[in-house]
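J.: quick check, what structure comes out for this input:
(one chain, ligands or ions: 1)
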Amino acid sequence: GRYFGAAIAAGRLGDATYTRILTTEFNAVTPENEMKWDATEPSQGRFTYTNGDRILNQGLSNGSKVRGHALLWHAQQPGWAQALSGTALRNAALNHVTQVATHYKGKIYAWDVVNEAFADGGSGARRDSNLQRTGNDWIEAAFRAARAADPGAKLCYNDYNTDGINAKSTGIYNMVRDFKSRGVPIDCVGFQSHLGTGIDSSYQANLQRFADLGVDVQITELDVEQGGNQATIYSTVTKACLAVSRCTGITVWGIRDSDSWRTGANPLLFDNSGNK
Ligand code: 9MR
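T.: Residues are numbered from 1 along each chain as shown. You can find the predicted model right below:
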C-alpha cells in the first residue's frame, strides 16, 4: 500500500498533541530541516546527526517509513560550503552525499538526493547555483554517490512548481528520461505540491508521464493555501496519486497549521489545536 507521511521537527516531538496525531494518522516521516546540509555538516568534515537521528528513530520505532531530505540543495548550505566553488565544492558535495547516506544506510526508504535544481519560469533549464556551476553533471554524480553509499534507498529528484505539465516539469522529465537511458541511478521523482487556491488540470497526467519513464512518483511536501477549494484540492491530489500505480505515497509538509512554514495560510490538515 501507499504510505501517508508528515514532515516533522525534532523540537516538537515533546508536544503530546503533535506526537499523538503523528503516531495515529501517519506511517511515514520526513525531517523538515534536520537532515539538510547545514544541519548535518555544520563545519566541513564534522558531521552532527543528533536531530536527524531523533526523526529517524521516531519513525522507525513507530513502524514508519523515513524519507531523507535532502542531500544536496542550493539553499540551507553551511557557510563553509557557500564559500567553495569548482572542484573543491564538487568534492565536498559528493563527500557529503557519501557520508550522510552511509550514516543512514539501510534505514531510509527514499532520499531526496537533489532538491530544487531547476529554474522557475519558461526556460526548462537548470537553476543557477554554486553546485550547478561545478558542471552540469553534478546531479548524476550525486545520484551515483548516493547509490554506492546506500544501495537499498530509493533515490529521488525533488522539486516545486512541477505540479502539472509545464516548462519546469518538462525540463525535469527530460533529465529523468536521459538518466534512465544512460543508466544513471534514479528511482523516483518528488512533487512538492506547495499549492495555492487552485490546482493544474494536468496534475495527474504529469505524475503519469513520469511514472511511464519507469520511476516512482511521490507527493513530498503537500500543503494547500486556505481560501480556495482547499478540501477539494487535497482530494484531487489524493485521487491523482491513487490513480497512478507508481505513486507510492503522499507526505504533507507539517501536521497542524501552527507547525507550517506558511504562516497565516492555514494550509495543513489539522488546525492549531490539533482538530481535523
Ligand atoms: O519548512 C522548511 C522551513 O522550516 C525552513 O526554514 C526552510 C529553509 O529553507 O525550508 C523549509 O522546507 C522547504 C523544503 O526543505 C524544500 N522545499 C520547500 C520547503 C518550504 O520552503
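J.: all the helices of the chain, in order from the start?
T.: Secondary structure of the chain by DSSP state H: the helices cover 16-25, 37-40, 50-61, 79-82, 86-103, 138-149, 167-182, 203-211, 230-243.
J.: now the angle from the fifth one to helix 138-149?
T.: Relative orientation of helix 86-103 versus helix 138-149 (axes from the mean of the first three to the mean of the last three Cα atoms, to 10 degrees): 30 degrees.
J.: what residues does helix 86-103 touch?
T.: By Cβ atoms under 8 Å, 6 or more residues apart in numbering, the list of residues contacting helix 86-103 from outside reads 35, 37, 40-41, 44-45, 47, 49, 68, 71-72, 81, 84, 108, 111, 113, 130-131, 133-135, 138, 141-142, 145-146, 148-150, 153. Where you see a C-beta, it was placed from the backbone N, CA and C, and this is true even at glycine.
J.: before we move on, the earlier item: would JSON lines of the helices of the chain with mean neighbour count and mean pLDDT be doable?
T.: Below are these laid out as JSON lines (neighbours: other Cβ atoms under 10 Å; pLDDT from 0 to 100):
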{"stretch": "helix 16-25", "mean neighbour count": "15", "mean pLDDT": "98"}
{"stretch": "helix 37-40", "mean neighbour count": "20", "mean pLDDT": "99"}
{"stretch": "helix 50-61", "mean neighbour count": "18", "mean pLDDT": "98"}
{"stretch": "helix 79-82", "mean neighbour count": "14", "mean pLDDT": "98"}
{"stretch": "helix 86-103", "mean neighbour count": "18", "mean pLDDT": "99"}
{"stretch": "helix 138-149", "mean neighbour count": "21", "mean pLDDT": "99"}
{"stretch": "helix 167-182", "mean neighbour count": "17", "mean pLDDT": "99"}
{"stretch": "helix 203-211", "mean neighbour count": "20", "mean pLDDT": "99"}
{"stretch": "helix 230-243", "mean neighbour count": "17", "mean pLDDT": "98"}
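J.: can you list the ones you listed in a markdown table and add distance to the ligand?
T.: Below are the helices of the chain laid out as a markdown table (distance: least, Cβ to the nearest ligand atom, whole Å):
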| stretch | distance to the ligand |
| --- | --- |
| helix 16-25 | 15 |
| helix 37-40 | 9 |
| helix 50-61 | 13 |
| helix 79-82 | 13 |
| helix 86-103 | 15 |
| helix 138-149 | 16 |
| helix 167-182 | 14 |
| helix 203-211 | 18 |
| helix 230-243 | 16 |
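J.: with distance to N158 added, can I get the ones you listed in a markdown table?
T.: A markdown table is the format used below for the helices of the chain (distance: least, Cβ to Cβ, whole Å):
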| stretch | distance to N158 |
| --- | --- |
| helix 16-25 | 21 |
| helix 37-40 | 14 |
| helix 50-61 | 17 |
| helix 79-82 | 19 |
| helix 86-103 | 14 |
| helix 138-149 | 12 |
| helix 167-182 | 10 |
| helix 203-211 | 12 |
| helix 230-243 | 15 |
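J.: wait, what's in contact with the residue in the chain that the ligand sits nearest to?
T.: Among all residues of the chain, W261 sits closest to the ligand, at 3.6 Å; criterion: Cβ to the nearest ligand atom. Counting by Cβ under 8 Å, 6+ apart, W261 touches E32, W253, G254.
J.: neighbours of the residue lying closest to the second one once chain neighbours are set aside, just the number please.
T.: Using Cβ to Cβ, 6 or more residues apart in numbering and skipping residues adjacent in sequence, the residue nearest W253 is E221, 4.1 Å away. E221 has 23 neighbouring residues, counting by other Cβ atoms under 10 Å.
J.: contacts only, for L56.
T.: Under the contact definition (Cβ under 8 Å, 6+ apart), the residues listed for L56 are P31, V66, Y104, K107, I108.
J.: is the second one bridged to anything, and to what?
T.: What it means is V66. With beta bridges defined as DSSP bridges, V66 has these partners: V29.
J.: mind putting the contacts of L56 in TSV, neighbour count, distance to G122 and pLDDT included?
T.: What follows is the contacts of L56, written out as TSV (neighbours: other Cβ atoms under 10 Å; distance: Cβ to Cβ, whole Å; pLDDT from 0 to 100):
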residue	neighbour count	distance to G122	pLDDT
P31	26	33	99
V66	25	36	98
Y104	21	37	99
K107	16	40	98
I108	24	35	99
